[in-house]
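> after the sequence you'll find the predicted model.
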Amino acid sequence: MTGALVTILDDEPAIRTILADALEEAGFRTLSFSRASAFEAALKTHKPDVCLVDLGLPDTDGLTLVHKLALEQGAAVIIISGRAQVQDRVTGLELGADDYIIKPFDPAEVVARIRVRLRTPKTATQTGQIAQFNGWTASFDSYTLTDDQGSETPFSHAEGEVLRLFLDAPKRLISRAQMQEMLGGGAGDSFDRAMDVRISRLRTKLREDPKNPRLIKTIYGAGYIFLGDVQWT
């Protein structure tokens, strides 16, 4: 998605410059910030497609900001951090980040990861932004789930990616390998745990019985099947 807006939030000027130069050379637009306060103020007038966020910010907790962005902005959120521990990566993904890149990094890899986040699967239903299924309406332009009584529940960009996978392929098995291929990000335990968390949150928002979900069924050892009847508009 050439021309997409990428925001860069990092308190190191050299990192901001390296990222901005690489992204602009690749055809992206960029806005850079050294403080979370200035970044959040800019969000009132700009709508980024991807947010690159460092966790070691001087004026706020980076993980808290990631969680807020995932729930409120609808943009893809990619953490870029020197924290290399597995638990840090898992926590970031659980809080709603779409990807986690460890410093030091290759700028070309960051560009590639961003392109993966922005890549849209070529399916017929992807032209729609609203899906209706089993009394629910999922709006991907506003990132909300609405029940048949009109009550709205927000979902994050990361949760929306998983939900869209299911809604694009109802009543078909989706394996973990297919999810990893289509959603990108690192494979392994951290990806699996992040998927478990996102699916659990979707089930909660869809008011599923965790012991016997009706819509998102786990096929142990194989993957998941979405059993709803889906109509896109």
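That came in fine, so what should we check first?

> give me the below-cutoff pLDDT ranges for this protein.
Where the chain drops to pLDDT under 70, the residues are 1-2, 74, 120-128, 184-190.

> in it, which residue is most central in space?
By CA atoms, centre = their mean, the chain has its centre lying nearest to residue 158, at 2.8 Å.

> can you pull the contacts of that residue?
Contacts for residue 158 (CB atoms under 8 Å, 6 or more residues apart in numbering) come out as 70, 77, 93, 96, 97, 98, 194, 198. Quick note: C-beta positions are derived from backbone N, CA and C, even for glycine.

> element containing it?
helix 157-168 (DSSP states H and E).

> paired strands for the helix or strand following that helix, with orientation please.
Tracing the chain C-terminally past helix 157-168 and defining elements by DSSP H and E, one meets strand 173-174 next. Partners of strand 173-174 in the sheet, by DSSP bridges, are strand 223-226 (antiparallel).

> is it true that residue 67 touches residue 92?
No - assessed by CB atoms under 8 Å, residue 67 is found out of contact with residue 92, at 9.3 Å.

> more neighbours: which of the two?
Comparing residue 67 with residue 92 by neighbour count (other CB atoms under 10 Å), the higher total belongs to residue 92, at 26 against 19.

> could you check how far the more buried one is from residue 110?
Going from residue 92 to residue 110 by CB to CB, to the nearest Å gives 16 Å.

> how is this structure divided into domains?
Using automatic domain parsing, the domain ranges for the chain come out as 5-118, 124-232.

> which of those domains is buried the deepest?
domain 5-118 (a mean of 18; mean count of other CB atoms under 10 Å).

> starting at the chain centroid, how far to it?
Mean-position distance between domain 5-118 and its chain equals 12 Å (CA atoms, centre = their mean, to the nearest Å).

> what sits against residue 139?
Shown in contact with residue 139 (CB under 8 Å, 6+ apart): 129, 130, 145, 146.

> export the residues you listed to JSON lines and tack on distance to residue 116?
Converted to JSON lines, these look like this (distance: CB to CB, whole Å):
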{"residue": "129", "distance to residue 116": "21"}
{"residue": "130", "distance to residue 116": "25"}
{"residue": "145", "distance to residue 116": "25"}
{"residue": "146", "distance to residue 116": "30"}
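
> remind me, longest helix of this structure?
When the chain is parsed with DSSP state H, its longest helix is helix 189-205.

> helix 157-168 and that one, what's the angle between them?
With axes from the mean of the first three to the mean of the last three CA atoms, to 10 degrees as the basis, helix 189-205 and helix 157-168 are set at 70 degrees to each other.

> please name every helix or strand in contact with helix 189-205.
The elements that helix 189-205 packs onto, with contact taken as 3 or more CB pairs under 8 Å, 6 or more residues apart in numbering; DSSP states H and E, are helix 86-94, helix 157-168, helix 176-183, strand 216-219.

> now the element after the first one, going C-ward?
Later in the chain than helix 86-94, the nearest helix or strand by DSSP H and E is strand 99-102.
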